[in-house]
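[1] coordinates only, sequence not included:
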């Protein structure tokens, strides 16, 4: 109960932060700002910003330090932009996202493209407008690196290239998932630590935990895509398999995928336990996530 | 001669900086990094980064201060990403840019989309990796604001919306051009001042000069689109008129457009003359630009 209560508290803070830290619908040009809000306010788990808030609260400096919420919202701006662009006809061409029409269906392709660009840019404006130079610039560096050509976008590019190849190796799949998914989850935890002035050792633990948690998250996503139905997912299920996409399930089989997810979750939990107070919320979050595979 | 020599010196520094500050072609994923370099290394006037370098050199702190080149390259990354996305089929659907196939023609739409996203993100990574927290974070703020939903991207959105309307007013056209074009030229001069620790008054002068210079630049662009041919422009000429697009020439007529461009150039020059040493290079650059209208 304590965990569920804490989780919904974090999510409520994120939803409120999104509403407060995005330009209003009516801001000129209102079509652009409406599209940004449409996609950002479509709900979702808010995993990345929740991780950031929870990580920040582990450190004593957080109480008197800067509010981690703008950094959490910046992270969600980046995540949402990547979904908008990923759904475009020239990419995955998806009509449904979080149970609603995708941005280019609800608006049009040009508006969706620009709304994605604007969310990406707004993430950095938020960091630069909300924090002092320290830790502001280190937050920018962490986010730009995780979202950049050698991580998030690099992972998306390799994902597209993999679809065109007859076979994807396990190593290629791991590159894609570590960069397309895990890098941003890693950045979420590290950015939480940066806001709260965590020391270098704690930042390293957060980074390693994030990498394992991110890997677990992606493997579980693959498992759910292969086993759940569209209504439960809120997005088109079985799409990866239909598209002939390489997934952990396709390459390793369902049982091994479940074992790999369990291993990555356990590794993340072991790291979380090294943090101040043993990080019970993050430990439980990782455990709950692992439980979703069955 | 002095001006031409200085100009080509700045451009050479920018070209070298681009080569040095972008990931190599072979960096994984190499298709993505090749596309980023393909568009960024397509030449062009390099107006924005040249303005940044020239503005930085006006201030005595510049000699012992940080190198303005990474900020100049960051600015060109943003400019280039906006051209790549602007050329996409769902936007202007243009096949030719700077005399070469556009990114989505040379590669494909998905790669062009991602290369644009990656250049946008790389701009902020460059700023965060190349500068101390001061002036780094203020550079991020200036760039993210100018490139954001209420300036560069907002101007593009209103531009698209204007095309669908029967009439565009002079006020709407000015909004589009001030945000789509002038904001980034303004940011170029202000960022040059920020790198060189210019005081608040000098930053204000740079901002006002940039706004007028940007307006002049856009009016001249409209005039050239209406009067020059494709070979001279290196992009499809007469396209705006064919698309029924609102331009200064269409709304005000050629003679008034020339007069407005002259007025904006003169205003920019008057501001430049207030800067340390009278900023002769910037004055001449504005004058040369104005001369292109005939």
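    Now that the structure is in, tell me what you want to look at. The shown structure was predicted, so the numbers you read here are calculated from the model rather than taken from an experiment.
[2] pretty sure residue A:134 contacts residue B:133?
    Yes: the pair residue A:134 / residue B:133 is scored as a contact, 5.0 Å apart, by CB atoms under 8 Å. The C-beta positions use only the backbone N, C-alpha and C, and glycine is treated the same way.
[3] higher neighbour count, these two?
    Ranked by neighbour count (other CB atoms under 10 Å in any protein chain shown), residue A:134 and residue B:133 place residue B:133 first, with 17 against 14.
[4] Just give the closest residue to that one, not the sequence neighbours.
    residue A:133 (3.3 Å; CB to CB, 6 or more residues apart in numbering or on different chains).
[5] circling back: between residue A:134 and residue B:133, what contacts are shared?
    Contact criterion CB atoms under 8 Å, 6 or more residues apart in numbering or on different chains; no residue bridges residue A:134 and residue B:133 by contacting each.
[6] end-to-end on stretch A:142-153?
    From its first residue to its last, stretch A:142-153 covers 15 Å (CA to CA, to the nearest Å).
[7] Does chain B have contacts with that stretch?
    Yes: using CB under 8 Å from any CB of the partner chain, stretch A:142-153 reaches chain B at A:143, A:144, A:145, A:147, A:148, A:149, A:150, A:153.
[8] Show me what counts as buried in that stretch.
    A:142, A:143, A:144, A:145, A:146, A:147, A:148, A:149, A:150, A:151, A:152, A:153 (16 or more other CB atoms under 10 Å in any protein chain shown).
[9] The fifth one against residue A:181, yeah?
    By that I understand residue A:146. No: at 10.7 Å, residue A:146 does not count as touching residue A:181 under the criterion of CB under 8 Å.
[10] Now do residue A:255: how many residues are near it, please.
    For residue A:255, the neighbour count with other CB under 10 Å is 9.
[11] Now do the helix or strand containing residue A:203: which elements does it pack against?
    Secondary structure from DSSP states H and E places residue A:203 in helix A:200-227. The contact analysis (3 or more CB pairs under 8 Å, 6 or more residues apart in numbering or on different chains; DSSP states H and E) places helix A:200-227 against helix A:47-56, helix A:170-177, helix A:183-195, helix A:239-242, helix A:248-252, helix A:254-272, helix A:280-291.
[12] now the helices for the stretch 51-200 of chain A?
    A:61-64, A:69-87, A:103-106, A:109-130, A:133-146, A:152-163, A:170-177, A:183-195, A:200-227 (DSSP state H, counting those that start in this stretch).
[13] mean confidence for the second one?
    Within the predicted structure, the mean pLDDT of helix A:69-87 is 98.
[14] Any residue of it touching chain B?
    Yes: with CB under 8 Å from any CB as the measure, helix A:69-87 is seen reaching chain B through A:81, A:85.
[15] what inclination does that helix have with respect to helix B:69-87?
    40 degrees (axes from the mean of the first three to the mean of the last three CA atoms, to 10 degrees).
[16] go on, the fifth one?
    Per the same axes, to 10 degrees, the angle that helix A:133-146 makes with helix B:69-87 is 50 degrees.
[17] Quick one: mean pLDDT over helix A:133-146.
    The pLDDT scores in helix A:133-146 average 98.
[18] Can you name every helix or strand that that helix contacts?
    helix A:69-87, helix A:109-130, helix A:183-195, helix B:109-130, helix B:133-146.
[19] hey, which of these is tucked in deepest?
    Mean neighbour count (mean count of other CB atoms under 10 Å in any protein chain shown) peaks for helix A:183-195 among these, with a mean of 28.
[20] Looking at the helices of the stretch 51-200 of chain A, which is nearest to residue A:3?
    Nearest to residue A:3 among the helices of the stretch 51-200 of chain A is helix A:200-227; the distance by CB to CB comes to 15.6 Å.
[21] Count the neighbours of residue A:63 for me.
    The local packing of residue A:63 (other CB under 10 Å) involves 8 other residues.
[22] Just the pLDDT for it.
    So residue A:63 comes in at 72 (pLDDT).
[23] and if you look at residue A:292?
    pLDDT recorded at residue A:292 is 80.
[24] how near is the closest residue to residue A:172 other than its chain neighbours to chain B?
    With CB to CB, 6+ apart as the criterion, residue A:172 has its nearest non-adjacent residue at 6.0 Å, and that residue is residue A:162. When distance is defined by CB to the nearest CB, to the nearest Å, residue A:162 is 10 Å away from chain B.
[25] Over to residue A:22?
    From residue A:22 over to chain B (counting by CB to the nearest CB), the distance is 9 Å.
[26] just residue A:279 next, same as before
    Computed as CB to the nearest CB, the residue A:279 to chain B distance reads 27 Å.
[27] Could you do residue A:18 as well?
    According to CB to the nearest CB, residue A:18 and chain B sit 15 Å apart.
[28] List the contacts of that residue.
    Applying CB under 8 Å, 6+ apart, we find residue A:18 in contact with A:40, A:41, A:73, A:76.
[29] State the number of residues packed around the closest residue in space to residue A:76 that isn't next to it in sequence.
    Nearest non-adjacent residue to residue A:76, counting by CB to CB, 6+ apart: residue A:49, 4.9 Å away. Look at residue A:49: counted by other CB under 10 Å, it has 29 neighbours.
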